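>>> I need the structure of the sequence given here:
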Amino acid sequence: MGKHVVQLVVGCVAVSAALLAAIRPAEAIPSFAAQTGLPCAACHIGFPQLTPFGRMFKMQAYVLGKQDFPDAKNFSAMVEGGYTHLNDKVPGGLSPDYPSNNAWSIQQTSLFYGGVLDKQLGLGAFIQGTFDGVAHQFHWDNADIRDAHATKLFGAPLVYGFTFNNNPAVTDLWNTLPAWGYPFIPSELGAGPTAGLQINNLGQSVWGFGGYSAINITPADMLYGEVDLYQSLPDHTAYALGVGPSNGVAGVTPYWRVAYQHSIGENSIEVGASGLSDHPYPAGLKHGPTDNLTDVGLDLQFQHIEAQQSLSLQASWFHENQHWGASYRLGNTANLNDALNVEAVTVSYLWRQMFGATESFNSITGSGDTGLYNTGSGNANGKPNTDSFTTELDYYPFNRGGPSVFPWANAKLFAEYTVYTQFNGLARNYDGNGRNAGGNDVLFTGIWFVF
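I've put the predicted structure just below:
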């Protein structure tokens, strides 16, 4: 990365450590750890990757522990910020009110309610509200309110439940789908490709209800299924929640998920599939004919967890079929039908619950469409193809338990570097103005603190 970049990494980590040392106990604490009395490592490999115990806790509606009803320990907070350095500066600024390069940001400050609502009813919740320090706006963030119950089916243990949530796949138990997949802390000031899956675009702009169940066919084998139905938030509600205007998707959007998990000793492996289909209006419209976007994905996760070390692997493939029945007639796309594929592979290792390393590869490929992609957004050839590699190093000072005066605090000091080998269809001059894919290579380093 060069001497200058290395100095920036060392300096940022040093400053982050100093900030961490200066933090004093607050009234709010990480609610799940406080409710269960367990360290964060019980539910997470680092965070936010879930362990088998963490998946069970979430599936059972966040009610595990001695509490029957909410109290103060169910409220917590998070601050996430750091330093962004791009390989080449961005004329005009990385974002409004930010310089063209080398920028500090507090990109998220969040408040949470997490845990039991009524244990006897099996009712619990994860609710997040966030102030976006880059956009300078408060909005509702991920929300998942659950009612779960345990019974038996043909003698096999069965957990079933219902969920109200605002993000397809936010309910998921594995870290392979977009809502909880890698990167866990992307820089908001870094450049992003033009193309993206529809399932990524619906978070917080929809509300929905669904049901799920998981049956242990054997003590080592679990089969999971879920179906949720979503609708767009009304315009006035979207604005009130900080996510307006509404996303312009007609009717009901179904989301489905199936997964099989096998666990033996220190190992677990999951294979699964998921999908979503919706009918968005063309850009700027909220009535009349619609397009049709259908996402289908396959995923795999492997975990090996020991007391002193953990290894995890996530792999996913998504295919999006795009039928522009309305947009094509308006001249917004060059093709009536397009396709988009997104692939990702992530490997992470955690040593002594304190030191982590991650390597990830992400690839976007799809149909060339000069109407869809060549819209003045830095894409000169109308292709979505983007490839990137990310390397991340982490330090978790409190993952085994926080200070005695503040035992549920946790923090993650991180440094991640993303290299683009292709961006918006080309390796060189992808925007027609001389910018290369490598110009968007980004160093992001800082702290993720929860308390």
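>>> Please report how far the residue nearest to I264 when sequence neighbours are not counted lies from G272.
Closest residue in space to I264, ignoring its immediate chain neighbours: A220 at 5.6 Å, by C-beta to C-beta, 6 or more residues apart in numbering. To be clear about C-beta, it is placed using only N, CA and C from the backbone, and glycine gets the same treatment. Distance, A220 to G272, using C-beta to C-beta, to the nearest Å: 17 Å.
>>> Comparing these two, which residue is more hemmed in?
G272 (22 against 12; other C-beta atoms under 10 Å).
>>> which of the residues in the helix or strand in which the more buried one is found are buried?
Using DSSP states H and E, G272 sits within strand 267-280. Buried residues in strand 267-280, counted by 16 or more other C-beta atoms under 10 Å: S268, E270, V271, G272, S274, G275, L276, S277, D278, H279, P280.
>>> Give the bridge partners for the first one, please.
Counting by DSSP bridges, S268 is bridged to S263, Q303.
>>> Hmm, it is touching L311, no?
No. Using C-beta atoms under 8 Å, S268 is not in contact with L311, being 11.4 Å away.
>>> Okay, strands next: where are they in the stretch 51-200 of the chain?
Using DSSP state E, counting those that start in this stretch, the strands of the stretch 51-200 of the chain run over 75-86, 103-118, 123-132, 137-153, 156-165.
>>> Adding mean pLDDT, write those out as JSON lines.
Listed next are the strands of the stretch 51-200 of the chain as JSON lines, based on pLDDT from 0 to 100:
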{"stretch": "strand 75-86", "mean pLDDT": "95"}
{"stretch": "strand 103-118", "mean pLDDT": "95"}
{"stretch": "strand 123-132", "mean pLDDT": "96"}
{"stretch": "strand 137-153", "mean pLDDT": "96"}
{"stretch": "strand 156-165", "mean pLDDT": "97"}
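>>> mind checking which of those is nearest K66?
The minimum distance between K66 and the strands of the stretch 51-200 of the chain falls on strand 103-118, with 9.6 Å, by C-beta to C-beta.
>>> Would you mind writing the CA trace of the closest one as PDB?
Extracted in PDB, the C-alpha atoms of strand 103-118 (Å, rounded to 0.1, in the frame of the first residue of the first chain):
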ATOM      1  CA  ALA A 103     -11.400  12.000   5.200                       C
ATOM      2  CA  TRP A 104     -12.500  11.200   8.800                       C
ATOM      3  CA  SER A 105     -16.100  10.400   9.500                       C
ATOM      4  CA  ILE A 106     -18.400   9.200  12.200                       C
ATOM      5  CA  GLN A 107     -20.500   7.300   9.700                       C
ATOM      6  CA  GLN A 108     -23.000   5.700  12.100                       C
ATOM      7  CA  THR A 109     -24.400   6.300  15.500                       C
ATOM      8  CA  SER A 110     -27.100   3.900  16.500                       C
ATOM      9  CA  LEU A 111     -29.500   3.200  19.400                       C
ATOM     10  CA  PHE A 112     -30.900  -0.300  19.900                       C
ATOM     11  CA  TYR A 113     -33.600  -2.100  21.800                       C
ATOM     12  CA  GLY A 114     -32.600  -5.800  21.900                       C
ATOM     13  CA  GLY A 115     -34.100  -8.700  23.800                       C
ATOM     14  CA  VAL A 116     -37.200  -9.900  25.500                       C
ATOM     15  CA  LEU A 117     -40.600  -8.100  25.300                       C
ATOM     16  CA  ASP A 118     -42.700 -10.900  27.000                       C
END
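>>> can you tell me which helix or strand W448 belongs to?
Counting by DSSP H and E, W448 is part of strand 442-450.
>>> what angle sits between that strand and strand 75-86?
170 degrees (axes from the mean of the first three to the mean of the last three C-alpha atoms, to 10 degrees).
>>> what is the mean pLDDT for strand 442-450?
Strand 442-450 shows a mean pLDDT of 94.
>>> just checking, what packs against it?
Packing contacts for strand 442-450, counted by 3 or more C-beta pairs under 8 Å, 6 or more residues apart in numbering; DSSP states H and E, involve helix 3-22, strand 75-86, strand 410-422.
>>> related to what we said a few turns ago, make JSON lines out of the buried residues of strand 267-280 and add distance to A61.
Below are these laid out as JSON lines (distance: C-beta to C-beta, whole Å):
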{"residue": "S268", "distance to A61": "21"}
{"residue": "E270", "distance to A61": "20"}
{"residue": "V271", "distance to A61": "25"}
{"residue": "G272", "distance to A61": "21"}
{"residue": "S274", "distance to A61": "21"}
{"residue": "G275", "distance to A61": "24"}
{"residue": "L276", "distance to A61": "23"}
{"residue": "S277", "distance to A61": "27"}
{"residue": "D278", "distance to A61": "27"}
{"residue": "H279", "distance to A61": "31"}
{"residue": "P280", "distance to A61": "32"}
